[in-house]
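K.L.:
Mind folding the following:
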Amino acid sequence: MLLSVLSPVASLSPAAHAAAPASGLSEESASARAVASGEPVEVTSARTEYSQTMANPDATFTLTQSTEPQRARAADGTWRDIDVTL
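P.N.:
Below is the predicted model:
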């Protein structure tokens, strides 16, 4: 299921989004990076086992959800894809 959500983009200085950690991008940081690069950027702070949110260059967001877990949190706090091979 895909859902696009419109949200205004906060204006961040280049230093502000350069300083944002890649592992925890907020909606504002990811949106600013997407607008600047022209490419979608994941909102990593919104990542869950079941969903992924992308900031789009047109200042909208795309939420992708699954009915089954796509990733799991490792002991060190990072997200890992689920390995379904036996």
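K.L.:
Disregarding residues adjacent in the polypeptide, which is nearest to Gln65?
P.N.:
With CB to CB, 6 or more residues apart in numbering as the criterion, Gln65 has its nearest non-adjacent residue at 4.6 Å, and that residue is Ser51. Heads up, the C-betas are built off the backbone N, CA and C, glycines and all.
K.L.:
OK, contacts around the one you found?
P.N.:
63-66 (CB atoms under 8 Å, 6 or more residues apart in numbering).
K.L.:
again, but for Ser37
P.N.:
Pro57.
K.L.:
quick one, longest helix in this protein?
P.N.:
Longest helix of the chain, by residue count under DSSP state H: helix 27-37.
K.L.:
and the next element down the chain from that helix?
P.N.:
For helix 27-37, the following helix or strand on the C-terminal side (DSSP states H and E) is strand 41-42.
K.L.:
what number of residues lie near the residue nearest to Ser31 when sequence neighbours are not counted?
P.N.:
Spatial nearest neighbour of Ser31, excluding adjacent residues (CB to CB, 6+ apart): Ala55 at 4.1 Å. Burial measure for Ala55: 28 neighbouring residues, criterion other CB atoms under 10 Å.
K.L.:
And the one 3 residues further on, by the same measure?
P.N.:
One way to gauge burial is a neighbour count; for Asp58, by other CB under 10 Å, it gives 13.
K.L.:
Tell me which helix or strand in this structure has the weakest average pLDDT.
P.N.:
Lowest on mean pLDDT, DSSP states H and E among the helices and strands of the chain sits helix 14-19, with a mean of 37.
K.L.:
What average pLDDT does stretch 38-47 get?
P.N.:
The average pLDDT for stretch 38-47 rounds to 95.
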